[in-house]
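Enquirer: Sequence and predicted structure below; questions after.
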Amino acid sequence: MIFLDDAVNRAIRNEAEASYPNECCGILLGTVDPDGARSVTEIIEIDNTSDADEQYHRFTIGPDDFMRAEIEARRRGVDVLGFYHSHPDHPAMPSDYDLKHAMPCYSYVIVAVESGKSAALTSWEMTPDRARFIQELQR
Amino acid sequence: MSVTIQIPTALRVFTDRRADVLVEGTTAGEAISAFADLYPDIRTHLYEDSGALRSFINVYLGDANIKNLSGLDTKLKDGDTLMLVPAIAGGAESSE
């Protein structure tokens, strides 16, 4: 289960709309409850470092950005819980490309953007065998 | 020689919650392989079926990505610290 703070939800949607028709991306920070539920309280926006002509359907968070986020999370007393990105004019469903490049134990939030307006927002976690994503319940 | 592997928070589920794991290795490749031997459940996330390190897995020696050094052949000194750092990628299916 994952909980997105209202401000986080709005910030992701705003960024997704501002980046349209390209994909936006960023890092989810927050805490893990004793029952395993993740609470996202902050995000770090990341510049999409995919090639400019591929950004309409690709995003990349480079290792330097990831490392800085890990260090920043420790400084703030929170954890890196996962990542978010947008799917311009595509459903908020993980693609085969998402699966191939995913890491386990992280939440992957996807927001669909339809003609520039944010739509469905979903969250997913890859199974340990890398076979598929399972949608996370949101509250 | 002994080197330390630093583990990103979420991946500590594979290392009994350990943030740092001590392994033996003279090169970055040997150290990462020794780490994967210790925690085999993480191996599939680090290596392709071919045995090559997955392209989105980066290994840092201090502040330097070993891709900018000698890759997995990068020599290590006793007490060095390696950090596993994934690059995160994805995106929608092609519209073709």
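Expert: Right, received. Where do you want to start? Residues are numbered from 1 along each chain as shown, chains lettered A, B, ... in the order given.
Enquirer: For the nearest residue to A:Ile43 once chain neighbours are set aside, give its distance to A:Glu15.
Expert: In this structure, A:Ile43 finds its nearest non-sequential neighbour in A:Gly26, 5.0 Å apart by C-beta to C-beta, 6 or more residues apart in numbering or on different chains. From N, CA and C alone the C-beta is placed, and that goes for glycine too. Noted for A:Gly26: a distance of 7 Å to A:Glu15, by C-beta to C-beta, to the nearest Å.
Enquirer: Quick check, central residue of chain A?
Expert: A:Tyr84 (1.2 Å; C-alpha atoms, centre = their mean).
Enquirer: Can you classify the residue nearest the centre of chain B by secondary structure?
Expert: The residue lying closest to the centre of chain B (C-alpha atoms, centre = their mean) is B:Leu84, at 4.1 Å. Here B:Leu84 is recorded as strand under DSSP: H, G, I helix; E, B strand; the rest coil.
Enquirer: who touches it in this structure?
Expert: B:5-8, B:11, B:32, B:46, B:57-59 (C-beta atoms under 8 Å, 6 or more residues apart in numbering or on different chains).
Enquirer: ok, now which ones touch the residue nearest to A:Ile43?
Expert: A:12, A:15, A:43-46, A:61, A:83-85.
Enquirer: what sits opposite the residue nearest to the centre of chain B in the beta ladder?
Expert: B:Val59 (DSSP bridges).
Enquirer: Can you tell me how far it is from A:Glu17?
Expert: Taking C-beta to C-beta, one finds B:Leu84 at 34 Å from A:Glu17.
Enquirer: what pLDDT does B:Glu96 get?
Expert: According to the prediction, B:Glu96 has pLDDT 41.
Enquirer: related to what we said a few turns ago, between the contacts of A:Gly26, which is nearest A:Ile71?
Expert: A:Ile44 (11.1 Å; C-beta to C-beta).
Enquirer: excluding its backbone neighbours, what's nearest the closest one?
Expert: That would be A:Ile27: by C-beta to C-beta, 6+ apart, it lies 4.5 Å from A:Ile44.
Enquirer: What are the boundaries of the strands in the chain?
Expert: As the question left the chain open, I've gone with chain A. Applying DSSP state E to chain A gives strands spanning A:2-4, A:25-32, A:38-46, A:59-61, A:79-88, A:107-114, A:117-126, A:133-135.
Enquirer: Let me rephrase: I mean chain B.
Expert: Using DSSP E, strands in chain B cover B:2-6, B:20-24, B:57-61, B:64-65, B:81-86, B:88-90.
Enquirer: Would you format those as TSV with mean pLDDT included?
Expert: What follows is these, written out as TSV (pLDDT from 0 to 100):
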stretch	mean pLDDT
strand B:2-6	95
strand B:20-24	96
strand B:57-61	93
strand B:64-65	91
strand B:81-86	91
strand B:88-90	90
